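Student: the amino acid sequence is not available; the structure is as follows:
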C-alpha cells in the first residue's frame, strides 16, 4: 500500500463505507498515483475526481469502490469496462475479476492507461480502442459491465443486451440529475435499481471499429 498518510485516511474512509472486503483490499492494492498525471500526484489520494487530459477525469476513489461493490464480483468473471480513461477503474476491477476488457475511444488515453497498468504490474487487463457505447460483441455476453461515463438510454440498451443471464451492469445515467444505476439480467427481464446521485463526463460515441491499444496487457 502507498505510504502516503493521505492514502491511509482515504482507505480507512472507504473501509467504513464499503461492505465488501474484497473491494477494500483491491483499493489498497492498486497504486492510484500511477494513474494520475504527475503534476496532480500530490492529490492522488484525495477523494475527488482529477483531470487526466482530453476533457476526461479519473473518478473519485470512493465512487470507484462503490461501483465495484455493486458489481458483486467473485473473482472468476470477465468484466467489460467502458471508458478506460486513466485505467484506474480497470486496475481495481482487475483485482476483483479474472480478466478485464477495457474500451476507450481516445488512443492517447488508452496508451497512457496501458503504461500505468504495466507500471503497476497488472497483466489481466486487455485494452481496446473503439466505441464503448457499442460494448464489445466479440466477447459477449459478460457477467459484469462497468460504465464510467454518463450513459444515454440508447447506449444503455445496447450494452444491456451484452449481459449474461444473472449478469450485472453499473452505470451513471445521462440526465440533468445523474444517478448511479444497477441493471441485473434475469432471463429476458432486466431489473433496474436507481441509486445515489453522481456526476460523470458523458459517454461519447462515434467510432465503431475496434482495435487493440498500443500497449495492451495480456490476460493472465
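Tutor: Done, it's in. Just so it is clear, the structure is predicted and the values come from calculations on it, not from any experiment.
Student: contact partners for the residue lying closest to residue 22 once chain neighbours are set aside?
Tutor: Spatial nearest neighbour of residue 22, excluding adjacent residues (C-beta to C-beta, 6 or more residues apart in numbering): residue 96 at 5.9 Å. Every C-beta, even on glycine, is put in place using the N, C-alpha and C of the backbone. Applying C-beta atoms under 8 Å, 6 or more residues apart in numbering, we find residue 96 in contact with 22-23, 26, 68, 71, 73, 75, 79.
Student: from those residues, list just the buried residues.
Tutor: 23, 26, 68, 71, 73, 79 (16 or more other C-beta atoms under 10 Å).
Student: now do the last one, the pLDDT please.
Tutor: By that I understand residue 79. At residue 79, the predicted lDDT confidence score is 98.
Student: buried set for stretch 48-55?
Tutor: For stretch 48-55, by 16+ other C-beta under 10 Å, it's 49-50, 52.
Student: straight-line length of it, end to end?
Tutor: End-to-end distance of stretch 48-55: 16 Å, with C-alpha to C-alpha, to the nearest Å as the criterion.
Student: same thing with stretch 30-46?
Tutor: Per C-alpha to C-alpha, the first residue of stretch 30-46 is 15 Å away from its last.
Student: buried residues in it?
Tutor: 30-36, 44-46.
Student: so what sits opposite residue 126 in the bridge?
Tutor: residue 101 (DSSP bridges).
Student: pretty sure it contacts residue 98?
Tutor: No: in this structure residue 126 lies outside contact range of residue 98 using C-beta atoms under 8 Å: 11.7 Å.
Student: higher neighbour count, those two?
Tutor: residue 126 (21 against 16; other C-beta atoms under 10 Å).
Student: from residue 90, how far off is the more buried one?
Tutor: 9 Å (C-beta to C-beta, to the nearest Å).
Student: are there residues contacting both of these two? Which ones?
Tutor: What both residue 126 and residue 90 touch, as defined by C-beta under 8 Å, 6+ apart, is the set 100, 102.
Student: check what pLDDT the residue most central in space within the chain gets.
Tutor: In the chain, the centroid-proximal residue (C-alpha atoms, centre = their mean) is residue 89; its distance is 3.8 Å. Here, the pLDDT recorded for residue 89 equals 97.
Student: now do the contacts for it.
Tutor: Per C-beta under 8 Å, 6+ apart, neighbours of residue 89: 59, 64, 67, 81, 83, 146, 148.
Student: mind listing residues that contact the strand or helix carrying the second one?
Tutor: The reference is to residue 64. Taking DSSP states H and E as the definition, one finds residue 64 inside helix 61-71. Contacting residues not belonging to helix 61-71 are listed as 10, 13-14, 17-20, 23-24, 26-27, 32, 45, 47, 79, 88-89, 92-93, 96, 144, 146, 148, 168, 170, 180, 182, 195, 198 [C-beta under 8 Å, 6+ apart].
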